[in-house]
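[1] Here is my input; please provide its structure:
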Amino acid sequence: MRKPPPLGRRAFIADSLLASAGATTALVSVGARAQGGLHPMSLQLGWALGSTQMGEIVARRKGFYAQEGLVLTLQPGGPNFDGVAVVGSGRAELGQTSSSPSLMLAVSQGVPIRCFAVGAQRHPYTFFSLPGHAVRKPADLRGKRISMNPTGMVLLRALLAQHGMSERDVRVVPSGAGMGLLLTGQADVATGWATNTAAIRELGAGVVQMSLWDAGIRLYALPYYAATRTLETHPREIEGFLRATARGWRYAAEHRDEAVDIAVKDYPQLGRADERVALDRMLEYSLGGRAATEGWGAMDPVFWQQQIDLCASLGQFSAGKPALADVMTPGPLNATKGARLRAA
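    Sure, this is the predicted structure:
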């Protein structure tokens, strides 16, 4: 680890200025240097910012990135935003997408990116329904109206194919991230993440939940990725990102109230009470499973191969099945294992 620079507050201010620059920041060229010698690093998210980035938010505020010589900017995504294209073209150094299939599909289509860590050891994607039209098993989806945003389609297709169904067996109702269509009777099923505790609360105590994982589609969520060129030319910066982010997640786990206070202060649009509940749930996914013994960010090549094989068996790769070595690289995790375990 690099010696901590003496101007940690300056680093945070510099990062805040970069964040306020919005989309312009994503156009910072790879290899550029911010004032003070810190390396500007932009993380392009696949979705809106929230508890799923609590480790990064805390690490930035506590100066963990600055201690690694980095200035991190978080770039929110959205339902119709192609973050993979942004990272693949080099307009952002790092990316985080919601689900591993998006990354595998991009690689199969020739986008030069690779995963180097994962933020959730199992996918929290869930199908929510109410007792009157309860969906307790995949077969119950047949004939149902399912509200979902476009980013979830790849997951629904995989689930339907796994259980001998197709999109013709359901009716997809486009929606945002909320449960409004289910609550108003315009849909029978709503989809979302089990970590979205605020939205789930709206459904009441009788809500029926069927997780994608329990339905047989076992995938990673929140995989981190970078362009292959970035992985080759900036390994030290990526390793620094992993060490700092691991420290951020551990600090958030040990100081949960403070972590949420930091997040709400930096992002006033977040609701404190909701984020506090969501953090407890998110930590089960980010620090559980393999991360509990191998440190935050851990991933298993064998499990990656199983995901590739699953998607291939379900006909998800129209451009050909990608090779494991083209989808993920264990190098950055191996280089930081000791530091990540110390943070665990």
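
[2] For the stretch 151-300 of the chain, which segments count as strands?
    171-174, 189-193, 208-211, 221-227 (DSSP state E, counting those that start in this stretch).

[3] wait, which of those is closest to residue 95?
    Of all the strands of the stretch 151-300 of the chain, strand 221-227 sits nearest to residue 95, with 5.0 Å by CB to CB. C-beta: built from backbone N, CA, C; applies to glycine.

[4] Tabulate the strands of the stretch 151-300 of the chain (CSV), appending mean neighbour count and distance to residue 93.
    Shown next, in CSV, are the strands of the stretch 151-300 of the chain (neighbours: other CB atoms under 10 Å; distance: least, CB to CB, whole Å):
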stretch, mean neighbour count, distance to residue 93
strand 171-174, 15, 32
strand 189-193, 26, 26
strand 208-211, 17, 32
strand 221-227, 27, 6
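
[5] Could you export those strands as TSV, including mean pLDDT and distance to residue 321?
    Shown next, in TSV, are the strands of the stretch 151-300 of the chain (pLDDT from 0 to 100; distance: least, CB to CB, whole Å):
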stretch	mean pLDDT	distance to residue 321
strand 171-174	92	26
strand 189-193	93	27
strand 208-211	96	26
strand 221-227	97	18
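
[6] okay if I get those as a markdown table plus distance to residue 55?
    As requested, those are exported to a markdown table (distance: least, CB to CB, whole Å):
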| stretch | distance to residue 55 |
| --- | --- |
| strand 171-174 | 31 |
| strand 189-193 | 16 |
| strand 208-211 | 23 |
| strand 221-227 | 11 |
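
[7] Now residue 133: closest residue in space, sequence neighbours ignored.
    residue 188 (4.3 Å; CB to CB, 6 or more residues apart in numbering).

[8] I'd say that neighbour and residue 144 touch.
    Yes - here residue 188 reaches residue 144: they are 4.2 Å apart, a contact under CB atoms under 8 Å.

[9] give me the low-pLDDT residue ranges for this protein?
    Low-confidence segments of the chain (pLDDT under 70): 1-35, 177, 343-344.

[10] check contacts around residue 225.
    84, 87, 94-97, 103, 113-116 (CB atoms under 8 Å, 6 or more residues apart in numbering).

[11] picking that back up, how about the residue nearest to residue 133, phi and psi?
    Torsion angles at residue 188 (phi, psi; degrees, to the nearest 10) stand at phi -90, psi -20.

[12] and it, what does it touch?
    Neighbours of residue 188 in contact, by CB under 8 Å, 6+ apart: 129, 133, 135, 144-146, 182.

[13] Mind checking which of these land in helices?
    Counted as lying in helices by DSSP state H, out of those, are residue 182.

[14] If you rank the contacts of residue 188 by neighbours, which is first?
    residue 182 (27 neighbours; other CB atoms under 10 Å).
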